[in-house]
Structure formats: C-alpha cells, structure tokens
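Novice: Got a predicted model here, sequence first, then my questions.
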Amino acid sequence: MEPEESRHARFQEEGRASGSLRSSPQGTPDDPGPQPDLLRQQSLPETSPLLTMQHHMIFPPEDSVYSYLTFMLPIENRRTGRHVTSLTIFSVVLVLVNFVMQVGLLYVVGDHIMRKHTEWVSSVAHLKHHAWYHVVNMGYNVAPGKCRGKDSPLCHDHGDGISCTPLSVNVLSDWHLLDINGDGLWSREEAENPELHETVQCKFDVDLSALYHDVITTVNESHALAGRRDTNLIKGVALHKAYLNWFMHKPLLCSYGDQDMCGSLFERGFFDEALRQESSSDFNDTKSAVKYCTNLLQYECFNILPNTYRVWRSKSNQQCGAKLFDQIEYHSPVDDKSVMTLLHVDFRKRLEYSTTKTPHFRLFLGILLVTFLSVMALELRSISKSFMWSLMFPSDDTPLSISGRTVDRKAVQITGTSARRSTSLGSSSARSFDQKDVQLSIHAVRKDHLYLVMVMTLLRLMLWFFLMWSGIMFLTGPPRYLNLIFDALSLLFIFEIDELLYKTMLRHEFKEDHMQIADMKVPQWHGGLCSGSMTVVGDIIRFFAVIAFAGVIVYTYCQTELNPLLDSLECLCLGQGESCQQSNMFNKVWWDNYWSTVMPASNTIIDQLRLI
C-alpha cells in the first residue's frame with residue numbers, strides 16, 4: 001500500500017496542478033490541510049467531460065479496421081523504423097476489402113430488391129409524384145409514353161380519377177368515340193377509319209376493327225336476340241346503339257375479374273334491380289342470377305372480348321396476389337326470407353397495402369427509421385471526428401534527412417515499467433518472470449499518414465451516402481412487417497462489416513496491442529468557443545432532428561407511394577375506391593338505372609328494329 005506521507009504529497013501535487021491549493025497553506029499537525037475527499041470534490045468540475053469537450057476531442061481506439069489503420073501505422077513506423085511493414089499492408093488491405101464488401105452487398109442486394117419492387121409498381125400504376133429521398137425518378141415515376149404498349153401499367157389516369165378496367169371495355173363504353181358521325185350506328189367504315197383506328201390503337205392499345213368484329217359476332221350469336229336482329233347487324237355492316245346498350249352489361253361485369261367476384265357484386269347490389277325487374281330468364285331468382293354471373297365471368301368473357309382481355313386478367317390476378325375468402329349472406333330484394341350464402345373475396349396485396357393506413361404500421365416504420373438513422377448519425381459522427389483528426393491533429397515535422405521515414409520519438413511514445421511476479425507451481429517448484437507494462441501514446445503523426453486517413457475518410461463519407469440512400473430505399477419498399485425487419489437486419493449486417501473484419505481477421509495479440517494505445521486528444525476546431533453544455537444541447541437537437549427526419553420520410557412515403565398504390569389496387573382488384581372511375585361511374589345507382597330503364601328501352605328499340 002502507498003504510505004500516508006506519499007499519498008498526502010500526491011494529493012497536494014494534484015491540487016497545485018488544478019489550482020485548488022494555490023490559496024491554501026501546507027498542512028500542519030494541528031491543521032492537516034485539505035483532506036483527500038475535499039480535494040476530490042474541488043477537482044470534480046475541472047475533470048468533468050463538459051470541460052474536456054470544450055477544448056479537446058477525444059479520439060479513442062475502436063473495434064474497427066478504420067481505427068486500426070489510423071492508430072497502428074504510426075506505432076509500427078515508430079517500432080520498426082519502416083513506413084511499410086506486413087502489418088501496415090494488412091491494415092490497408094482490410095480497409096479496402098471492407099469497402100468492396102459493403103459496396104458489393106449494397107449494390108447486389110439493393111439492385112435486386114429495388115428492381116423487383118420498381119417492376120411491380122410500374123406494372124400497376126404510374127405515380128406522378130416522386131419522393132424526394134429517391135434523389136432520381138424511379139421507373140414508376142417516369143412519365144408514360146404518348147402511346148400505350150405492353151409495358152404500360154394496368155391503371156392509368158382517367159379524368160379526375162384512375163381507371164383499371166380492360167382497355168377494350170373503356171373503348172366500348174365511350175359511344176361518342178365509336179360513332180363518329182353521330183347517326184346512332186357504329187359502322188364498319190367508322191371502325192376501319194384510319195385516323196380513328198390510329199387514335200384508339202395509340203391511346204388504348206386496342207385494334208378497333210378487330211374489336212368491332214368480335215362484338216358483331218357475339219351479338220349475332222346471342223340466343224336472346226334470336227329473331228330480333230336487324231339487317232345491318234346480320235350483314236355485319238353496322239351496330240345500332242340499342243344493341244350495344246343491351247350488350248354492355250356483359251363487358252362491364254367482365255371488368256371485375258373472374259367468377260369469384262360474383263359474391264362481392266351481389267353484395268354491392270348490382271343485381272338487385274335485375275331481380276326485381278326479372279330482366280331476363282337468367283334473373284328469375286337469386287340462384288339463377290348467381291349462375292349467370294358465374295358462367296359469364298368464368299367462360300363467356302373470354303369469347304366476347306379480344307385476347308387483350310385474357311392478358312389483362314392474368315396480369316391483374318398476378319399483381320393482386322393470392323385470394324382470401326370469406327362468406328356473406330345475400331338477402332334477395334324480392335323475398336326477404338330468401339337468403340343465399342356467397343363467397344366474398346379479397347386479395348393479399350390489397351390487404352397488405354391497406355394496413356399502411358393504420359397508425360400501428362406508421363409507428364412501426366417510424367421506429368425502424370429512427371433506429372436506422374440513429375446508427376447512421378453515429379457513423380457520421382465517427383466520420384466527422386476522423387475528418388477533424390486529419391485536419392487538427394499535430395503533424396510530425398521532423399525533417400526526412402534526420403528521421404528518414406520514422407516518426408519522431410516525441411511524436412509516438414512507447415514507454416513501460418518492469419515488475420517481477422512469482423508464481424508457485426505445486427509445493428516444490430516455483431518460477432518468476434518479468435511482465436512488461438507497455439504504454440503507447442501518439443502525439444503527432446507524419447503528414448503522409450494524415451493524407452492517407454483523409455482519403456480513407458472521404459471514401460467512408462461516400463459509402464455513408466450510398467448506405468444512407470440504400471437504407472431508406474430498403475425501408476420504404478414493400479410494406480410487409482417481416483420484410484422490413486429483415487431489411488433492417490441486412491442493413492445492420494452490412495453496416496458492421498468493418499467491425500466483423502476487425503474481430504475475425506486480426507489476431508488477439510494485435511487487437512490487444514491496438515486497444516491499449518492511449519486516447520488521442522485533438523484540439524477542437526472552434527478553439528474552445530463552444531462550451532460542453534452547448535455540445536450537449538447540440539446532441540439533443542440532433543436527436544430530435546433524427547426523429548423529425550424519420551417522420552418526414554414516413555409522411556412522404558405514404559403520400560407519394562403507399563396511398564396512390566392502395567387506391568390503384570382497390571380499383572384494380574376490387575373495382576372500388578373513392579378515386580376509381582369504375583366505382584364512381586358504374587355504381588349501384590347506375591346498375592339500378594341500367595336494369596330498370598336502359599335495358600327495357602333497348603329491348604323496345606330492338607323489337608322495333610327487327611321490323612324494319
């Protein structure tokens with residue numbers, strides 16, 4: 001143990017160094033002077049981290065290949081007297097391998113994830129507004145071409161909303177487009193009009209003459225019109241508007257997809273008025289109406305519409321994902337006691353995106369982003385400290401003619417004290433050995449090493465921007481909980497490759513040698529103008545800035561991508577939604593009017609036409 005006199009003298013020396021004993025006389029037996037506890041209390045404010053932070057930045061060794069390169073090169077230079085050794089080469093190789101691995105993984109994984117997501121979104125809809133964090137426009141943000149083609153999205157802008165119906169149905173529902181001269185007939189000449197044909201081909205990607213032929217053939221072959229066809233229809237010369245009105249309910253129902261949608265159509269009341277009016281023998285009761293709907297969507301739609309409809313249905317089923325079923329009870333509008341159990345269908349993709357409107361998902365995404373951005377902020381602080389070290393740390397200006405390529409002894413100090421330790425082995429044998437307690441400290445480095453660290457830090461900064469962009473893109477991709485967690489874990493793995501290389505590639509002795517180097521003290525760039533308290537305030541501001549930044553990303557992501565995609569999926573998969581043209585135009589009111597007014601009026605005109 002340390003003698004009392006020696007300990008008292010040490011306390012006095014500490015007091016003089018800190019200025020706390022300048023006004024106190026040396027203790028006497030009657031007045032022992034300041035006690036150790038009092039001295040410790042007096043020196044506490046001066047040893048506070050807040051005071052140290054005001055004048056110096058602590059630069060400690062860390063578990064990273066970057067830190068190993070920064071600390072060990074001057075140590076090796078001092079030990080060996082050479083600038084290049086096997087250990088310094090290995091440290092540089094580890095840094096280069098780290099860059100290659102991080103960039104390679106980010107590029108390969110990011111390209112796969114983002115390309116797959118971009119292709120899927122591009123096939124569903126065109127998003128007019130791109131998120132600012134994308135930096136560049138994604139594929140689904142690029143304005144579509146003048147004419148539609150095979151790569152055009154299934155949903156497109158239509159007036160104030162969107163339309164996801166088959167394009168051939170869009171053409172058939174626009175009578176003013178088909179009847180050029182306004183005579184109430186859609187003639188073969190109009191269908192083959194070169195200018196109109198080119199316009200329809202460009203705007204809808206539909207062969208108008210082929211569509212005309214398909215409709216004429218279907219209407220002529222309809223058993224319900226047996227003996228009720230006029231001369232123009234039989235000859236295929238022209239189609240009266242009444243025939244098209246009578247026929248239009250079929251392609252419109254076909255735009256809702258396959259037969260599994262029939263239950264949802266009955267639930268929405270699309271057939272209520274047909275059952276009340278008994279518009280045909282197919283609507284005598286609920287059972288016959290369901291059979292008619294099922295047969296139409298399962299088989300007939302492929303015969304009455306062009307082959308482009310088959311392509312549309314296949315692509316829409318693929319983009320909407322797997323079906324999820326539930327059951328509903330449909331009450332007949334004619335007989336309240338007549339209840340029929342029907343299937344209600346929904347789609348996995350639509351349900352996934354519907355969860356993005358809940359506070360739970362947005363809170364979950366916000367927490368992931370705050371966590372990721374906090375890690376990125378920590379890395380940015382490490383990069384900024386490395387920059388400040390390169391700019392502010394003293395350089396060893398010893399002339400090369402004196403030192404060669406070796407750092408000066410005062411710049412890198414290697415000191416130690418020897419202590420003898422004896423160990424008993426059994427009762428009859430003992431041995432002793434000398435243990436070297438080595439202390440390593442770096443006070444200045446050569447300028448070429450400062451330049452090397454500066455270049456390494458610039459590369460780290462570029463990698464940081466790439467990782468920041470890739471991470472935000474990962475976390476704003478497909479909105480699935482598990483996928484987002486796996487993406488976050490993948491980012492963490494890529495981010496910590498430098499630490500993994502340090503822990504796995506370096507031997508224990510090298511890591512111990514590195515970690516026992518004393519912390520470097522770097523003068524603050526502001527020269528002590530910013531107090532430690534101001535630094536703490538800056539940390540608090542940065543913390544809330546990270547939270548605000550994550551909130552802005554979540555809001556932008558929802559507004560520019562999630563909400564428009566959810567609207568498109570609801571319109572494409574279910575034919576409904578506030579912005580869906582199909583839902584707004586062909587709603588229950590329209591269908592009630594169609595079965596009660598349009599269909600009877602068309603039958604009346606058709607009966608008159610057959611007499612002409």
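Specialist: All right, it came through fine.
Novice: from here on, contacts and neighbour counts on C-alpha atoms
Specialist: OK.
Novice: and K150, how many residues sit next to it?
Specialist: By other CA atoms under 10 Å, the residues close to K150 number 9.
Novice: Could you do E195 as well?
Specialist: When neighbours are counted by other CA under 10 Å, E195 comes out with 11.
Novice: Ramachandran coordinates for it?
Specialist: phi -70, psi -50 (degrees, to the nearest 10).
Novice: for R276, same thing?
Specialist: The phi/psi pair for R276 (degrees, to the nearest 10) reads phi -70, psi -40.
Novice: What separation is there between it and L342?
Specialist: Taking CA to CA, to the nearest Å as the measure, R276 falls 19 Å from L342.
Novice: so how far is L185 from H134?
Specialist: Counting by CA to CA, the gap from H134 to L185 is 51 Å.
Novice: repeat for T341
Specialist: Separation of T341 from L185 (CA to CA) stands at 43 Å.
Novice: And these two? Which one has more around it.
Specialist: The residue with more neighbours, out of T341 and L185, is L185; 21 against 11, by other CA under 10 Å.
Novice: what residue lies at the spatial centre of this structure?
Specialist: For the chain, the residue sitting closest to the mean C-alpha position, by CA atoms, centre = their mean, is T476 at 1.8 Å.
Novice: Tell me who's in contact with it.
Specialist: Neighbouring residues of T476 by CA atoms under 8 Å, 6 or more residues apart in numbering: Y557.
Novice: tell me what the helix ranked longest in the chain is packed against?
Specialist: With secondary structure taken from DSSP state H, the chain has its longest helix at helix 86-124. Contact partners of helix 86-124 among helices and strands, from 3 or more CA pairs under 8 Å, 6 or more residues apart in numbering; DSSP states H and E: helix 65-80, helix 307-320, helix 447-475, helix 481-495, helix 497-505, helix 563-569.
Novice: one more time with 6 Å, if that's ok
Specialist: With contacts taken as 3 or more CA pairs under 6 Å, 6 or more residues apart in numbering; DSSP states H and E, helix 86-124 sits against helix 65-80.
Novice: Tell me where the protein has strands.
Specialist: 56-59, 156-158, 161-163, 185-187, 238-240, 323-331, 339-347, 412-425, 429-442, 520-523 (DSSP state E).
Novice: what about this protein, any weak spots by pLDDT?
Specialist: For the chain, the stretches flagged by pLDDT under 70 are 1-55, 397-406, 408, 416-437, 526-532, 610-612.
Novice: Would you mind measuring from the closest residue to D285 other than its chain neighbours to S288?
Specialist: Nearest residue to D285, sequence neighbours excluded (CA to CA, 6 or more residues apart in numbering): L275, at 6.4 Å. Remark: distance between L275 and S288 (CA to CA) = 10 Å.
Novice: between these two, who's got more neighbours?
Specialist: Counted by other CA under 10 Å, L275 and S288 do not tie: L275 has more neighbours, with 21 against 14.
Novice: Make sure the more buried one is actually in contact with F283.
Specialist: Yes: with contacts counted by CA atoms under 6 Å, L275 reaches F283, the gap being 5.4 Å.
Novice: what's the neighbour count on S280?
Specialist: Close neighbours of S280, defined as other CA under 10 Å, add up to 12.
Novice: what sits against it?
Specialist: Contact criterion CA atoms under 6 Å, 6 or more residues apart in numbering gives no residues in contact with S280.
Novice: Likewise for D396?
Specialist: By CA under 6 Å, 6+ apart, D396 lies in contact with A444, V445, R446.
Novice: got CSV for these, with neighbour count and distance to Y594 too?
Specialist: Below are the contacts of D396 laid out as CSV (neighbours: other CA atoms under 10 Å; distance: CA to CA, whole Å):
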residue, neighbour count, distance to Y594
A444, 21, 89
V445, 25, 87
R446, 19, 88
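Novice: Dump these to a markdown table, plus distance to T358.
Specialist: What follows is the contacts of D396, written out as a markdown table (distance: CA to CA, whole Å):
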| residue | distance to T358 |
| --- | --- |
| A444 | 56 |
| V445 | 56 |
| R446 | 58 |
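Novice: Ends of stretch 177-190, what's the gap?
Specialist: Using CA to CA, the two ends of stretch 177-190 sit 10 Å apart.
Novice: Next, the buried residues of that stretch.
Specialist: Along stretch 177-190, these residues count as buried under the neighbour rule (16 or more other CA atoms under 10 Å): L178, D179, I180, G184, L185, W186, S187, R188, E190.
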